[in-house]
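>>> Pasted the sequence and its predicted model underneath.
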Amino acid sequence: MISVEDWAEIRRLHRAEQMPVRAIARKLGIARNTVRRAIADDAPPKYQRAPKGSIVDAVEPQIRELLEQWPEMPATVIAERIGWDRGLTVLKDRVRDLRPAYRPADPASRTVYEPGEIGQCDLWFPPADIPLGFGQVGRPPVLVMVAGYSRWITARMLPSRSAADLIAGHWRLLTELGAVPRVLVWDNEGAVGSWRSGGP
């Protein structure tokens, strides 16, 4: 890998002095492919140390076997079973990372949708000003619709969050979808309808 100084010099010779690749390689004593890479790379080279493995890597298969049979087995018991004689913190961290993959799904929190059953709608407000034409900028609402089954997502920027603009936005998004979900769900949007004191 070349140094940052060589990278900068290659780019200077190529851009400012219009020197060809072969001449740069000869002048700096480096390979032509290295010169080509430096010219193509917009960012200077960075040294990245190869990630070191963890001492737990060697026993991870044993941890996985135990969690597969007993997903809630405490890390201290796992340490005893695999004959772990090192520090417990690093082992506990790995067990905490692995455990969720072996826990059974919670039937109360699992939601399944059928095709065409539901579409979730919401408004998103851009975090930056957007040019609106004629020298104006603003952060107009974006109507976002997600199909519950396929997770297909579509969006359209609206002039305002008034009911008329929301209905027109819905029409355009449903036209793009080519179908109408059985239910469109909103989260308490005033122009669509909202709940106050337990009632609509």
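Noted; the coordinates are in hand.
>>> was I right about Leu184 contacting Asp122?
No. At 10.9 Å, Leu184 does not count as touching Asp122 under the criterion of CB atoms under 8 Å. All C-beta atoms are positioned from the backbone trio N, CA, C, and that covers glycine.
>>> Which residues outside the lengthiest helix in the chain are in contact with it?
Across the chain, the helix with the greatest residue count (assigned by DSSP state H) is helix 163-177. Residues outside helix 163-177 that contact it (CB atoms under 8 Å, 6 or more residues apart in numbering) are 119, 121, 143, 145, 147, 152, 154-156, 158-159, 180, 184, 189, 191-192.
>>> Other residues contacting the following helix or strand past that helix?
From helix 163-177 onward toward the C-terminus, using DSSP states H and E, the following helix or strand is strand 183-185. For strand 183-185, contacts defined as CB under 8 Å, 6+ apart pick out Glu117, Ile118, Gly119, Gln120, Cys121, Met145, His170.
>>> and the contacts of helix 163-177, which are buried?
Buried members of the contacts of helix 163-177, counted by 16 or more other CB atoms under 10 Å: Gly119, Cys121, Leu143, Met145, Ala147, Ala155, Arg156, Leu158, Glu189, Val192.
>>> Now the second one. Its backbone dihedrals?
With angles defined as degrees, to the nearest 10, Cys121 sits at phi -120, psi 150.
>>> So for it, what's the pLDDT?
The per-residue pLDDT reported for Cys121 equals 89.
>>> Ok, the last one next?
The predicted local distance difference test score for Val192 is 70.
>>> The fifth one too?
Here the pLDDT value assigned to Ala147 is 89.
>>> What helix or strand is Arg94 located in?
With DSSP H and E as the test, Arg94 turns up in helix 88-98.
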